[in-house]
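Visitor: 3D, please:
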Amino acid sequence: MDVRHHPWATTFRSVKTPEELTFLHLSSVPMPSKVLVLFYSTYGHCFQMAKAAAEGVESAGNHAVVKRVAETLPTEVLEKMHAVQAQQAFASVPIATTAELPEYDGLILITPTRFGLMAAQMKAFIDATGQHWQSGALVGKAAAVMTATATQHGGNEMTILSSYLPLLHHGFILVGMPPVSTGLTEVQGLTPYGASTITGTMGDRMPSSVELEGVKAHAKRLGEVAAKLAAK
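Guide: Numbers count the residues shown, from 1 in each chain. Prediction:
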């Protein structure tokens, strides 16, 4: 009997046919990940970062969904803050629910700083995820945090690090910034812990091209890690 036609022949044969090699290659490539880019923005800075983050995720063939958390401040307060008109730019962006979080392979939180902590609006959303902590529905998924601060040392790194704490409780795998060479030609908010932008004390500085490229690089990495984790 020709050993090549034996039922066990493929067990012992080390040389693969082109069809087998194609199958092995495709089976080793992770499926695209689905990433939720979740932001809160008062004046639009974090919204700009969210759009760039979605571009970064999708640049590697993964899928990004951009949503926002609900506003908790009353309209009269937002009017005094001169934020109502700014928020109209992203009023059509859907508001996320905590129930949908397990649908995603990865999560990117983008929030302005509030004294080294995430904004209360984002905190309110995170505080409502207790059912997922109890069930372990988010364990093993990838997560990253990005932020915006008024000044260069206004709490960007602390905000990112403190925002990681509830994510660790959920069992997320944290993904920091990949090494990005930006030089020292301008003030910018990129950190090893996550991308950030500096808005200026009057909020008149939108994310720079350097910062947005950093956001894209960070988000691209998050999407890739999420895909690999989901494939396991």
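Visitor: Contact partners for residue 197?
Guide: Contact partners of residue 197, counting by CB atoms under 8 Å, 6 or more residues apart in numbering, are 45, 48-49, 147-149, 188-189, 205-208, 211. For every residue, glycine as well, the C-beta is placed using N, CA and C.
Visitor: what about residue 67, which SS state?
Guide: Look at residue 67: counting by DSSP: H, G, I helix; E, B strand; the rest coil, its state is strand.
Visitor: for residue 146, that is, sorry about that
Guide: Following three-state DSSP, the label given to residue 146 is strand.
Visitor: What's the separation between it and residue 160?
Guide: Look at residue 146 and residue 160: by CB to CB, to the nearest Å, they are 7 Å apart.
Visitor: Determine the residues that are contacts of both of the two.
Guide: Shared contacts of residue 146 and residue 160 (CB under 8 Å, 6+ apart): 194, 196.
Visitor: right, and residue 31 touches residue 227 too?
Guide: Yes: between residue 31 and residue 227 a contact is recorded at 6.7 Å, counting by CB atoms under 8 Å.
Visitor: Looking at the two, which is more packed in?
Guide: A direct count of neighbours by other CB atoms under 10 Å for residue 31 and residue 227 places residue 227 higher, at 24 against 11.
Visitor: Just confirm that one is within a helix.
Guide: Yes: assessed with three-state DSSP, residue 227 lies in a helix.
Visitor: can you give me the strands for the chain?
Guide: Under the criterion DSSP state E, the chain contains strands at 34-39, 63-68, 106-114, 117-118, 142-149, 173-174, 196-198.
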